[in-house]
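Chemist: A structural model of the following input is requested.
(one chain, ligands or ions: 1)
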Amino acid sequence: MKPAIYYTLFPKDPVGHLFEVMLTVTAPHPEGQLFTLPAWIPGSYMIREFARNIVRIQASAAGRKIALIKHDKHTWQAASCDGPLVLQYEIYAWDLSVRAAHLDQTHGFFNGTSVFLRVDGQDHLPHMVDIRRPEGDAYKTWRIATALPEQKAKRYGFGTYIAADYDELIDHPVEMGNFALASFKAHGVSHDIVITGRVPNLDMARLSQDLKKICEVQIALFEPKSRRAPMTRYVFMTLAIGDGYGGLEHRASTALICSRADLPIKGQAEMSDGYRTYLGLCSHEYFHTWNVKRIKPAAFSPYALHAEAHTSLLWLFEGFTSYYDDLILVRSGLIDEKQYLKLVAKTINGVLRGSGRTKQSVAESSFDAWTKYYRQDENAPNAIVSYYTKGSLVGLAFDLHIREQTKGRKSLDDVMRCLWQRYGRDFDMRRQGVTEADVEALFDEVTGLKLKRFFDRYVRGTDDLPLAKLFGPFGVTMTDNRKDGKLSLGIRTTRDGNDCKIANVYEAGAAHRAGMSAGDLLIAIDGLRVSANNLEAQLSRYRSGDVVTLHVFRRDELMSFAATLTQGDAPQVVLGAEAKPAASVRKRAGWLAV
Ligand SMILES: [Zn+2]
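Modeler: Numbering: from 1, shown residues only. Take a look at the predicted model:
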């Protein structure tokens, strides 16, 4: 056996959701080999402790069982032995998300972080994995979708796949089952679209056509001259379910979950909100191929997967990716200027809604992603700001500011390209991530501007972005119609059966001032019953300043409050595009067109 790490992965019991893994180490550590499983998966900044899904594990050498000691929640050590050492274990896979593993009669999906134990000290060796087909006639037609390179397997076939090292092994999720498949080329590189799940009349041809546009615009953004993609092959894998949304980026693929209704139907050409959302998600994860999978924060170079890895740069890696995801849709002609500005206005309203934005900067929000953004409670709108949404507005503000201040000579695209050239393109060789100081210096260098104040106020500080002013030269008007808006109690509600439950109470809103709390069941306004869907209609009978009596159940206790209704609690920002002067229209085209 050549020095390498060998795994066999077998979907042993699809009905019981069990994968069986056999791991062979040819040259184990003489003092007893250590094995660990990651505590988190890159791209999702939360400790998930994947090792809790290992249900059975044993070690053997020369055909005999040897001792295996557990040191902590995700570390094992085998007794000292001569190689080869074999570890055999089972993984319970029943997490319907893009972050872990899932197996049943309909399909199998896994991320390496959930199933492949790391052989301590041997990460750098080639890692081979033999992916077996489940036993039984029902699985004869199953295929494999992954960007993991084939070693002894046909494309889409079961067999042996190979990764250069452990880091690569866990960065290629694998889908197996009877999926719909289509392929297209984007600037010469082969891209697969894989859709798992029952989706009648799925329009794969339209998906290919639209994704091709997105991919080509992005490749050209980073490499305008050579148009070279950073990977040799790419796979979009999607699980379509009744109701769902999510995605996770990888170096040459992405795993997505979407609602079945979001996918295009054969014979229908319009751009539905759902389909636009799905394309935005694909665009987002694809942009990460450059921004976070190759241009990486220093804190992720390399990834330390046993504990939290803090960086205050997620506003750039997630926020800018969120800025570009929809911007790419308008630049590829999939949506128009009006639709794009509507999406931006929605983001602005979302950011302005919560007072958390005045307490936490996007740099702090990035740093605390592990304990705050990923572990939000009912008070989140009043306590934190999203490095995704506000980060995307920071990207927008930088872009407009740079374009205007450099008279159109530079833009955020130039900054991204320089980050790519300096940190991303050769990442495999240099393995050097970017620090907070590097980013700031690079912005100044590329644009020739002094942007420290901008960083102080909007990245490290909590000032609201001066978007109305920044939009001006581009002929985009920004108005907040909140005073003409509806009356509001300053709450967000959810449906609880047929009842109306308060999900969030916005700080200083009518409900907060009256004494109500998140979790309260709102049952009546002035003695009239409130149900899951009549709150707005009930409020529409009142005028600003009216005092109403509200009845709620807090747990099982009936409480009553007097609330003064107000207007203007919720921001109602609307963006418009002006048809003149010509100079503004030209600037806007320079920003929104390819
Ligand atoms: Zn992202």
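Chemist: right, and the helix or strand after the lowest-mean-pLDDT helix or strand in the chain?
Modeler: Using mean pLDDT, DSSP states H and E, the weakest-scoring helix or strand in the chain turns out to be helix 427-430, at a mean of 82. As assigned by DSSP states H and E, the chain's next helix or strand after helix 427-430 is helix 436-447.
Chemist: where's that next one relative to the chain centroid, distance-wise?
Modeler: Relative to the mean C-alpha coordinate of its chain, helix 436-447 is positioned 25 Å out (Cα atoms, centre = their mean, to the nearest Å).
Chemist: contacts for that helix?
Modeler: Outside helix 436-447, the residues within contact range by Cβ atoms under 8 Å, 6 or more residues apart in numbering are 298, 312-313, 316, 363, 398, 402, 405-406, 410, 414-415, 418-419, 422-423, 434, 449-452, 455. Where C-beta positions appear, they are placed from N, C-alpha and C, glycine not excepted.
Chemist: would you mark the buried spots in the longest helix anywhere in the chain?
Modeler: Ordering each helix of the chain by length in residues (DSSP state H) puts helix 204-222 first. Across helix 204-222, burial judged by 16 or more other Cβ atoms under 10 Å covers 204, 206-208, 210-222.
Chemist: again with stretch 532-551
Modeler: Leu535, Gln538, Leu539, Val548, Leu550, His551.
Chemist: next step: the residues you listed restricted to helices.
Modeler: For these, the ones inside helices are Leu535, Gln538, Leu539, with DSSP H as the criterion.
Chemist: and the second one, what pLDDT?
Modeler: Just to be clear, that refers to Gln538. The predicted local confidence for Gln538 comes out at a pLDDT of 94.
Chemist: can you verify my assumption that it contacts Ser531?
Modeler: No: with contacts defined as Cβ atoms under 8 Å, Gln538 does not count as touching Ser531, sitting 9.4 Å away.
Chemist: picking up where we left off before, what is the nearest of the buried residues of stretch 532-551 to Tyr156?
Modeler: Checking the buried residues of stretch 532-551 against Tyr156 with Cβ to Cβ, the nearest one is Leu535 at 50.6 Å.
Chemist: what distance do you get for the closest one to Thr493?
Modeler: Counting by Cβ to Cβ, to the nearest Å, the separation of Leu535 from Thr493 is 6 Å.
Chemist: which neighbours do those two have in common?
Modeler: Overlap of the contact sets of Leu535 and Thr493 (by Cβ under 8 Å, 6+ apart) consists of Cys500, Leu522.
Chemist: check which residues of stretch 399-418 are buried.
Modeler: Of the residues in stretch 399-418, those buried under the neighbour-count criterion (16+ other Cβ under 10 Å) are 399-403, 410-413, 415-418.
Chemist: as CSV, those with distance to Tyr388 would be great.
Modeler: CSV is the format used below for these (distance: Cβ to Cβ, whole Å):
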residue, distance to Tyr388
Asp399, 17
Leu400, 19
His401, 20
Ile402, 21
Arg403, 23
Lys410, 25
Ser411, 21
Leu412, 17
Asp413, 20
Val415, 19
Met416, 17
Arg417, 23
Cys418, 23
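Chemist: how about the helices of the stretch 151-300 of the chain, start to end?
Modeler: For the stretch 151-300 of the chain, the helices defined by DSSP state H, counting those that start in this stretch occupy 166-169, 204-222, 273-287.
Chemist: and those: which comes nearest Leu592?
Modeler: Counting by Cβ to Cβ, and looking across all of these, nearest comes helix 204-222 at 11.9 Å.
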